[in-house]
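# Okay, here's the prediction I keep looking at, along with the sequence it came from:
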Amino acid sequence: MPRYASAVENFFTLRTVSWKGDRVVLIDQTKLPNRFVFTEIRSPEEMASAIKKMVVRGAPAIGVAAAMGVALAALRSSAKSKQELLNDMEKAALLLKSTRPTAVNLFWGIDRIMKKVYSAKVESTDEIKSITVSEVKKMEEEDVKVNRRLGKIGNALINPGDTVLTQCNAGALATVSYGTALGVIRAAVEEGKVVKVIVPETRPQLQGSRLTAFELRKDGIECRIIPDTAVGYVMQNGYVDKVIVGADRVTRDGFVFNKIGTYQIAVLARKHGIPFYVAAPHSSVDMEHDNEQVIIEERSPDEVVRIRGRRIAASGVPVLNPAFDRTPPELIDGIITDVGLIEKPVELNLRKYFGGKDRS
Ligand code: MRU
C-alpha cells in the first residue's frame, strides 16, 4: 500500500475516503495523531485488511470503503462474461463482509453495490465496471450530503454555549467527510454558536483522544479530553449539557450499537438528567434485525493489555474486549438522522421514518 504524507486541511471539507481514478485513497487512522498520512488501496484484499486493521474505521466510512473494495474487484477482474465478473465481485463482497460484524453500514454499502449491478440491464463487462464505479462515486458524494443534512437537523437541539460530551470518534474521520455526532457540532459552529466538547479518551483504541480531539483541534473547536473513568465526575459536577454519540447500528427495536462505553454514558446521563442523543445516517438503521441478532465484535486482548506493543497488565489473566455495546431505547432522548429527528419513543417512531424493512 503506497503511503504519502500531507499537510492537514480542515475537517469541515477533508475526505477520509475518496475514489481516485482506479484506486481508493484513505487517511491512515492508525498513524494519527502523530502522523497525517494517506494510503492508496488498489484491491479488495488491501481494502479488507485496511478495514480489519482500522486504517479506515467508523460505520459510514467503512460502508463506503467496503463498497469501493467491491468496485476495485470489478476493475481488476479479467472476466470475459457478465457472470464471471459477478462471481469475482461476489467473492470480494464475501471477503469484505467478513472484516467487521457490528456496523450495519458495511453490509449496506456492499449490498447496495451488488443490487445495482444485478439490476443493471447490460451484458458487457466494461459497462458493468463503469456502473460500479459511478455508483461508489455517488455513494461518496451522498455520504457528505447526508452528514450535512443530519448536522443541520441536529443543530436545532444545540444551544449557544452548550458543552456536549461525545464518545469515540463520530466525526469526519468516521465518515467520508463532516461527521455525524461531530457533524452536529460543526453545523452549530458554522451557524456561529460557541460549543465546547468533552472527549472521553475511549480505551482501548483511543479514538477519542487520538482522533476526535485531533479533528476538533484542527477545526478550532474547543474540547477537553477526559479519561473514560471521569464521565460520572463531569456529569455530577455540571460540566455536561448534552450527550451526542454516533451509531454503528440502530436496530428496528430501537437499540443503538455504538463504541463500548456508550451504554454506561447513557445510564449516567439519565441519572443526572442530561439529554442523550444519537446521531445516525439512514445507512446505520437496520429495520431487518432486533438487538439480540447483532454480533458484537470482540477484538484482540492485546489492545487492552499492551500499549504500543509494551505489556501494561498483569500477565496470564484472561481479557474480555468487546468493541461495542447496546443502549436500550428507553435511555435515548432522540436519534438525529438525515431524514429527521426520531423522538421518543424511538422504537415506535423509527417505523414512521424507515418503515418495516427496507434500508436502501
Ligand atoms: O471501532 P470503530 O472505531 O470503527 O467504532 C466507531 C464507532 O463506534 C463510532 O461511534 C460509530 O461508527 C459512529 S461513526 C459516525
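Sure thing, it's come through.
# Tell me the spacing between the residue of the chain found nearest the ligand and residue 170.
Residue of the chain nearest the ligand, by CB to the nearest ligand atom: residue 246 (2.7 Å). Where C-beta positions appear, they are placed from N, C-alpha and C, glycine not excepted. Applying CB to CB, to the nearest Å, the value for residue 246 to residue 170 is 3 Å.
# Have a look at those two and say which one is more surrounded.
Legend: neighbour count by other CB atoms under 10 Å for residue 246 and residue 170, higher for residue 170 (33 against 30).
# pull the CA atoms of whichever strand or helix holds residue 105 into PDB?
Counting by DSSP states H and E, the element that carries residue 105 is helix 104-119. What follows is helix 104-119, C-alpha atoms only, in PDB (Å, rounded to 0.1, in the frame of the first residue of the first chain):
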ATOM      1  CA  VAL A 104     -24.600  -2.400   9.500                       C
ATOM      2  CA  ASN A 105     -23.200   0.200   7.100                       C
ATOM      3  CA  LEU A 106     -20.600  -2.200   5.900                       C
ATOM      4  CA  PHE A 107     -23.300  -4.600   4.800                       C
ATOM      5  CA  TRP A 108     -25.500  -1.800   3.500                       C
ATOM      6  CA  GLY A 109     -22.600  -0.500   1.300                       C
ATOM      7  CA  ILE A 110     -21.800  -3.900  -0.200                       C
ATOM      8  CA  ASP A 111     -25.400  -4.900  -0.700                       C
ATOM      9  CA  ARG A 112     -26.200  -1.600  -2.400                       C
ATOM     10  CA  ILE A 113     -23.400  -2.100  -5.000                       C
ATOM     11  CA  MET A 114     -24.300  -5.700  -5.700                       C
ATOM     12  CA  LYS A 115     -28.000  -4.800  -6.000                       C
ATOM     13  CA  LYS A 116     -27.000  -2.100  -8.500                       C
ATOM     14  CA  VAL A 117     -25.100  -4.500 -10.800                       C
ATOM     15  CA  TYR A 118     -27.700  -7.300 -10.600                       C
ATOM     16  CA  SER A 119     -30.400  -4.900 -11.600                       C
END
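# Residue 207: what's it in contact with?
Contacts here follow CB atoms under 8 Å, 6 or more residues apart in numbering; on that basis residue 207 touches 57, 168-169, 259.
# List the buried residues for the helix or strand following the helix holding residue 105?
Per DSSP H and E, helix 104-119 leads on to helix 125-155 as the next helix or strand towards the C-terminus. By 16 or more other CB atoms under 10 Å, the buried positions in helix 125-155 come out as 125, 128-129, 131-133, 135-136, 139-140, 143-144, 146-155.
# now swap in stretch 249-267 and tell me
249-263, 265-267.
# same question, stretch 181-190
181-189.
# Now it: average pLDDT?
For stretch 181-190, mean pLDDT is 98.
# what does that stretch contact?
Applying CB under 8 Å, 6+ apart, the contact partners of stretch 181-190 are 11-12, 147-148, 150-152, 154-155, 157-158, 162, 164, 166, 169-172, 175, 178-179, 195, 197, 212, 215-216, 219, 221, 244-246, 279, 336.
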